[in-house]
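Asker: Give the three-dimensional model of this entry:
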Amino acid sequence: MDFFGAQDRARRNTSRLLFLFGAAVIALVALTDLAVAVAFGFLGANATIDPERLLMVSGVVCAGIGLACLFKHLQLARGGKVVAEMLGGRLLDPASTEPAERRLLNVVEEMALAAGLPVPPVYVLPEASINAFAAGHASADAVIGVTEGSMRLLSRDELQGVVAHEFSHVLNGDMRLNLRLIAVLHGILFIALSGRLLLQGVGRSSRRSGSRDNSGLLLLGLGVSFLVIGWVGVFFGRLIKAGVSREREYLADASAVQFTRNPLGLAGALRKIGGLGAHGLIANPRAETASHLFFAQALSTRLLSLFATHPPLDERIRLLDPAWNGELPAEDLQPVSIEAEDEQVASMAAPVSGPAAVMGFDTDQAPSALSPASALSQAVLDGCRHPELAVALALNALTDPGTALTPAQTGLLIARGALLPEELREELTATRATAVIALAMPALKRLDAAARHELLATVAALAALDGHLDLREFAVATLLEHHLSDEAGRARAARARYSRIEQVSAPLSVILSALSAGDAARFAAAAALAGLPELRPVALGDIDWPSVRGALGKLRGLYPLLKPRVLKACRSALGTAGPGVEGLLQPLALALDCASVDHAA
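Answerer: Next up, the predicted model:
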């Protein structure tokens, strides 16, 4: 699956979407001018309206739509958690021991590692239906939302398929387009909301005065007109939303199968949605706003498939399971037996391969040996789920367990209350350090702003103690900065500013120099692979964490289709093969707003 191509298409779809909504706004302004002219015409021949007044009305309508869009955009600036809370979602504690919640959290952990992403926060919606969503501007502020029905009624394989589907939306840029769509739709809805307020004002005024004069009739006419015109805009907005959403669901289904290597799990979840009486419908009154985010159709559609935001269920099922006979489960689905399911999974001895290798990872069973997290002890896994211990693990992940801590390192860790027993430090090898950070991310994101600032300041101080930035420090610091900084809390998709690799030669030299660690041959090979054979390295003594952070910020602005070339050059600069390279490159890929490095080859 070409995730970089998908990100580029998503960027172009955004421009097309804005053009279509611009045309809709022009139509709405014209209809509003017409309604105002007709309303004034009813007052008599003397109550004429001139072109200047129509221009003023047009300006007010455009300003109202623009301000409504801006208001919703600013409201969504804090990322996916705003959407989850808007829909009534409940944030799960990463350390929860309730069986159904623990299983869901484990599945999200598994799929995050399979997708090459840190584990996002998980919200549960109080809905009996089977549905899910991913929301956010980028991976740093992404959340996964799952309905209560999904958590209780889906088997583990089915839940994996649904969650993997949502992770594909995180990777291919769908989330950011979805949030923009919410903001634009809110602006279009502004006219309908204005009409509703006018009608309410007319009703209150009539009850107080007991009569209706010409001004009351005018407000009544304008209110009805605005309401009708507003819903015309919503009508076309829903059509555009449906068209944008449907084409991306097939891609998400296909990439979910890539992650799980199990198309029948996803097909089983879709069959249960079709058989369940509640289907995937969301009862929350704000579901209309976010209907295009969900895994399955969240709203009932009475006008055939005109407003359907998702392809028909039977088409999606047959693509995943060509042998399907068309039968659906009974409507009265019963909750799965998690205890029996755990026993069945634990009894399976066959190893899992490919990107789904991490699927054996669970608190109740031995994880697959192919996962970087597989050799972690239960103490480390439990520590990843508690904020205080997660902080200690993150700081110790910056240090090399193969060498003794220096007095300066020891003093800094003690001052921070983060000095770990030696047996736990020994588990934080270079290949496992980033996996530990990925698993600990939900707990770290529960820290308040002051605690996050203190953590990142300590990270910078630890990285500076030895006078140079080594590869372990590079990976861990990049991952923590990307997800826990103030900018991560207001995550934005990277704006594509640079269309040629030459425009970012200086920051690329900083990154390649850090990764090649002074090896001139590796740097030269990487520069040639990037298409910059004349590039010169930066002295290692001049490379520190602030310079690396600035270089990454510049490289984020590359066009999506240029980023695979950068990642290939970075892989070459490392000059080694094996899982350790992927562990070092993955934080870099996330910092560049890229998909997993597995898709850059």
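
Asker: Could you use CA atoms for every contact and neighbour count after this?
Answerer: OK.

Asker: Break the protein down into its domains, please.
Answerer: 1-366, 378-489, 501-599 (automatic domain parsing).

Asker: least reliable of these going by mean pLDDT?
Answerer: If you rank the domains of the chain by mean pLDDT, domain 1-366 sits at the bottom with a mean of 77.

Asker: check which helix or strand covers Ala488.
Answerer: In this structure, Ala488 sits in helix 486-489 according to DSSP states H and E.

Asker: After that helix, which helix or strand is next? Please name it.
Answerer: helix 505-516.

Asker: so how far is that next one off the chain centroid?
Answerer: Remark: helix 505-516 is offset 28 Å from the chain centroid, using CA atoms, centre = their mean, to the nearest Å.

Asker: Now tell me what touches that helix from outside.
Answerer: The set of residues external to helix 505-516 that reach it, using CA atoms under 8 Å, 6 or more residues apart in numbering, is 469-471, 522-523, 526-527, 532, 535-540, 543, 547-548, 550-552, 554-555, 569-570, 573-575.

Asker: try 6 Å this time
Answerer: Arg522, Phe523, Pro537, Val538, Ala551, Ala573, Leu574 (CA atoms under 6 Å, 6 or more residues apart in numbering).

Asker: Tally up the residues packed near the last one, please.
Answerer: Right, Leu574. By other CA atoms under 10 Å, the residues close to Leu574 number 22.

Asker: Give me the distance between it and His453.
Answerer: Leu574 is 30 Å from His453, where distance means CA to CA, to the nearest Å.

Asker: Which elements pack onto whichever strand or helix holds Asp314?
Answerer: Following DSSP H and E, one finds Asp314 within helix 313-320. Under the contact criterion of 3 or more CA pairs under 6 Å, 6 or more residues apart in numbering; DSSP states H and E, helix 313-320 touches helix 263-275.

Asker: Would you mark the buried spots in the helix or strand just after the helix it packs on?
Answerer: Per DSSP H and E, helix 263-275 leads on to helix 287-290 as the next helix or strand towards the C-terminus. Using 16 or more other CA atoms under 10 Å as the test for burial, helix 287-290 gives Ala287, Thr289, Ala290.

Asker: okay, the angle between the helix holding Asp314 and helix 263-275?
Answerer: For helix 313-320 against helix 263-275, the angle by axes from the mean of the first three to the mean of the last three CA atoms, to 10 degrees is 170 degrees.

Asker: got the buried residues for helix 313-320?
Answerer: Within helix 313-320, the residues that count as buried by 16+ other CA under 10 Å are Arg316, Ile317, Leu320.

Asker: likewise stretch 269-288?
Answerer: For stretch 269-288, burial by neighbour count (16+ other CA under 10 Å) applies to 269-276, 278-283, 287.

Asker: go on, stretch 465-481?
Answerer: Neighbour-count burial for stretch 465-481 [16+ other CA under 10 Å]: 468-481.

Asker: Specify which member of those residues is nearest to Ile182.
Answerer: Glu481 (28.1 Å; CA to CA).

Asker: From Ala132, how far out is the closest one?
Answerer: Counting by CA to CA, the gap from Glu481 to Ala132 is 28 Å.

Asker: In the contacts of helix 505-516, find the pair that's most separated.
Answerer: Spatially, the most separated pair among these is Arg522 and Ala551, at 19.4 Å (CA to CA).

Asker: Compare those two and say which one has the larger neighbour count.
Answerer: Arg522 (22 against 19).

Asker: Work out the gap between the host helix or strand of that one and the centre of the chain.
Answerer: Using DSSP H and E, Arg522 sits within helix 520-530. The chain centroid and the centroid of helix 520-530 are separated by 33 Å under CA atoms, centre = their mean.

Asker: now stretch 381-393
Answerer: On CA atoms, centre = their mean, the centre of stretch 381-393 falls 23 Å from the chain's centre.

Asker: Run through who's touching it.
Answerer: Under CA under 6 Å, 6+ apart, the answer for stretch 381-393 is Pro94, Ala95, Ala418, Leu439, Ala440, Ala443, Leu444.

Asker: Let's have those in CSV, adding distance to Ala589.
Answerer: Formatted as CSV, these follow (distance: CA to CA, whole Å):
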residue, distance to Ala589
Pro94, 25
Ala95, 28
Ala418, 28
Leu439, 17
Ala440, 19
Ala443, 22
Leu444, 20
